[in-house]
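Colleague: Sharing a model that was predicted from the sequence below.
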Amino acid sequence: MTRAATAAPPAATAPAPAGRSGGTGRPRGGNALLGLLGFAAFLAVLEAVPRLGLVSADYLPPTSEIAVALNELLGEPRFWTAVTDTLRGWFLGLAIAVALGVLVGFVLGTVPVLREFTASTVEFLRPIPSVALIPLAVLLFGTDLRSVLLLVVYAAFWQVLVQVLYGVRDVDPVARDTAHTFGLGRWARIRHLLWPTALPYLLTGVRLAAAVALILAITAELIIGAPGLGNEINRAQSGGAVDSMYALIIVTGLLGVAVNVLARWLERAVLSWHPSVRGEGTP
Amino acid sequence: MLSAPAATNGTKAVVSVRSETDSQQVAKRPAASSPGGGRRIGSALGRAAWWTAAVFGLPFGLLALWWVLSADSETFYLPPLSEILASFDDVWLHSDRLAADVLPSLLRLAAGFLLAVVVGVGLGVLIGSFRRVRAFCEPVLEFLRAIPPPVLVPVLMLFAGFGNTMKVLVVLSGCVWPILLNTVEGVRAVDEVLTETCRCYGIRGPARLWHLVVRSASPQIVTGLRQALSVGIILMVISEMFAANNGLGYTIIQFQRTFAVTDMWTGILLLGLLGFLLAMLLRLFERSALHWYFGLRQSQRDDGQR
């Protein structure tokens, strides 16, 4: 029994594995091929469905037409402005949320009394849907970037905060006692004990927050009308340009994939020292 | 008999890996786990008072602060809290809005969410069980998941018009991904020892699916449900803000457009309250459905401390 118990803790400090595609001991080449096949089949079905008349091409244009529209979009400066606007809102909002989350998380996490007294408030505020703030954002800031930031920061902040709180609490008792024995001061403890412990959790939080931030940035543009891809989708839809609407949606999907890949990469790069990342090469 | 302890040991490792996705575990058990910031209060009464203060102190403090700070607010957009609370009664409770707007919203949310559970868990078990199917679907799923769900509102509006179908589909299209992907991960991570034990005992078919696969994946599935719920509420509101003639999102945006700021604030409060209550409801469900899992983790924790 003790054997299993001692084996569990290192695994428990690993960053969240949800959605991770890597596995152990399977043929990667064959899988990549199957994946490509799957994607090709997906595109083929989307091409065939409107061509066969199963769905009106007014609602779902064939993939080839969407590709043409996408190609046209790529040549328009207006499109690139929209992409920049969306990414700006996403990045600024995420940066503010991460900074706030880390700061508040460390303060609350290291002072037990504060933690105890804020737990219920955090639990209450966290599930409040950020879209509830849309009307307020419109009244206060109009279609400004600040509207987008309000929504993005509110949604992303909780993801980061909760992970940081969780991480700060996860300090290994042996490491804590060791730090105590060596007489580490407050700052040294934060730097050498809390920070490395919380870092995997923080990066999980950043990954979740990055995805949420993109969703909220585009939602704000879609609903409020702030400049960006969401607003372009709205225009394309009301203008009847169905193929460019789909093209824009594909772009938002690609952005989402890029954000996920970037966050994963960041996780690996920053945590290269961590057992969970180092251990992946050797079974 | 030999296989039983081995099986539990194996589950431990698997289960503990899963636990980090479970961000919900974070701020729980405040009073029990920390020694009260160095202040140990001996009597049970004192501890109860401490707990009450810890749980209700800050929320009520913040509300009081809001009340006082906004008491003689002249700002048009930030009416006094006293006024907001006073009109809450009129706007929501003493009108037919509860039945005409809140109920349809909740029904659409429930329909979309439950459909997403059926589709997500069903497909997830299928995709998670077969390595080749998973490899075939993975890139497409990764892409579809990455599309921010709200942009599908205009698409679904084309297909399903402005009615309830569209809104249910919007909720479904957003909720299904977290459930599906978490189910796939959960099914993938089914403990090998348990799988082999099932094979040895000849458990197969629906019994294997229910007792082994779905049961092992259920902590992950519930994590997916929780993510799906918060996405679902957002989508419910957005689909109504976009195009509707009733519903919570529609009413709130209507208040905003007519500059009925106090009424709008009551709507924001109600929406926040609903989000909180639904999350609580899901947690109750989680408690009862996963009590075995929490017990397992608790005993692991106790083992670890020994």
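Modeller: Good, I have the coordinates.

Colleague: Could you double-check that residue A:129 sits in contact with residue B:231?
Modeller: No. Using C-beta atoms under 8 Å, residue A:129 makes no contact with residue B:231, being 9.4 Å away. Placement of C-beta: from N, CA and C, glycine included.

Colleague: what's the nearest residue to the residue in the stretch 51-200 of chain B that chain A sits nearest to if we skip its chain neighbours?
Modeller: Closest contact between the stretch 51-200 of chain B and chain A, by C-beta to the nearest C-beta, is at residue B:146 (2.9 Å). Spatial nearest neighbour of residue B:146, excluding adjacent residues (C-beta to C-beta, 6 or more residues apart in numbering or on different chains): residue A:256 at 2.9 Å.

Colleague: Test my guess that residue A:144 contacts residue A:226.
Modeller: Yes. The pair residue A:144 and residue A:226 passes the contact test of C-beta under 8 Å, sitting 7.0 Å apart.

Colleague: Compare these two and say which one has the larger neighbour count.
Modeller: residue A:226 (27 against 15; other C-beta atoms under 10 Å in any protein chain shown).

Colleague: Surely that one touches residue A:90?
Modeller: No. The pair residue A:226 / residue A:90 is not scored as a contact, 12.0 Å apart, by C-beta under 8 Å.

Colleague: Contacts only, for the residue of the stretch 51-200 of chain B closest to chain A.
Modeller: Contact analysis of residue B:146 by C-beta atoms under 8 Å, 6 or more residues apart in numbering or on different chains lists A:211, A:253, A:254, A:255, A:256, A:257, A:259, A:260.

Colleague: where does the stretch 51-200 of chain B come near chain A, residue by residue?
Modeller: Counting by C-beta under 8 Å from any C-beta of the partner chain, the residues of the stretch 51-200 of chain B close to chain A are B:53-59, B:62, B:77, B:131-132, B:135-140, B:142-155, B:157-159, B:181-182, B:185, B:188.

Colleague: From those, list the buried ones, please.
Modeller: Neighbour counting over these (16 or more other C-beta atoms under 10 Å in any protein chain shown) leaves B:54-55, B:57-59, B:131, B:135-140, B:142-155, B:157-158, B:181-182, B:185, B:188 as the buried ones.

Colleague: Now, those that are in helices?
Modeller: Among those, the members found in helices (DSSP state H) are B:54-55, B:57-59, B:131, B:135-140, B:142-146, B:152-155, B:157-158, B:181-182, B:185, B:188.

Colleague: Can you mark which positions in the helix or strand containing the residue nearest to residue B:146 are buried?
Modeller: For residue A:256, the host element (DSSP states H and E) is helix A:242-270. For helix A:242-270, burial by neighbour count (16+ other C-beta under 10 Å) applies to A:242-253, A:255-257, A:259-260, A:263-264, A:267.

Colleague: same thing with stretch A:102-118?
Modeller: Buried residues in stretch A:102-118, counted by 16+ other C-beta under 10 Å: A:102, A:104, A:105, A:106, A:108, A:109, A:110, A:112, A:115, A:116, A:117, A:118.

Colleague: got the end-to-end distance for that stretch?
Modeller: Stretch A:102-118 has its terminal residues 15 Å apart, counting by C-alpha to C-alpha, to the nearest Å.

Colleague: quick one: low-confidence ranges for the stretch 201-306 of chain B?
Modeller: For the stretch 201-306 of chain B, the stretches with pLDDT under 70 are B:304-306.

Colleague: who in it is up against chain A?
Modeller: B:220, B:223, B:230, B:233-234, B:237-238, B:241-242, B:249, B:252-253, B:255-256, B:259, B:261, B:264-265, B:267-268, B:271-272, B:275-276, B:278-279, B:300, B:303-304, B:306.

Colleague: So for the closest residue to chain B within the stretch 151-283 of chain A, what pLDDT did the model give?
Modeller: Nearest residue of the stretch 151-283 of chain A to chain B (C-beta to the nearest C-beta) works out as residue A:256 at 2.9 Å. On the pLDDT scale, residue A:256 is placed at 93.

Colleague: Over to residue A:26?
Modeller: pLDDT, residue A:26: 50.

Colleague: cool, and residue A:21?
Modeller: The score at residue A:21 is 42. That number is its pLDDT.

Colleague: cool, and residue A:12?
Modeller: Residue A:12 is given a pLDDT of 36.

Colleague: report the angle between the axes of the longest helix seen in chain A and helix A:242-270?
Modeller: Looking across chain A with DSSP H, the single longest helix is helix A:77-110. Orientation check (axes from the mean of the first three to the mean of the last three C-alpha atoms, to 10 degrees): helix A:77-110 against helix A:242-270 gives 40 degrees.
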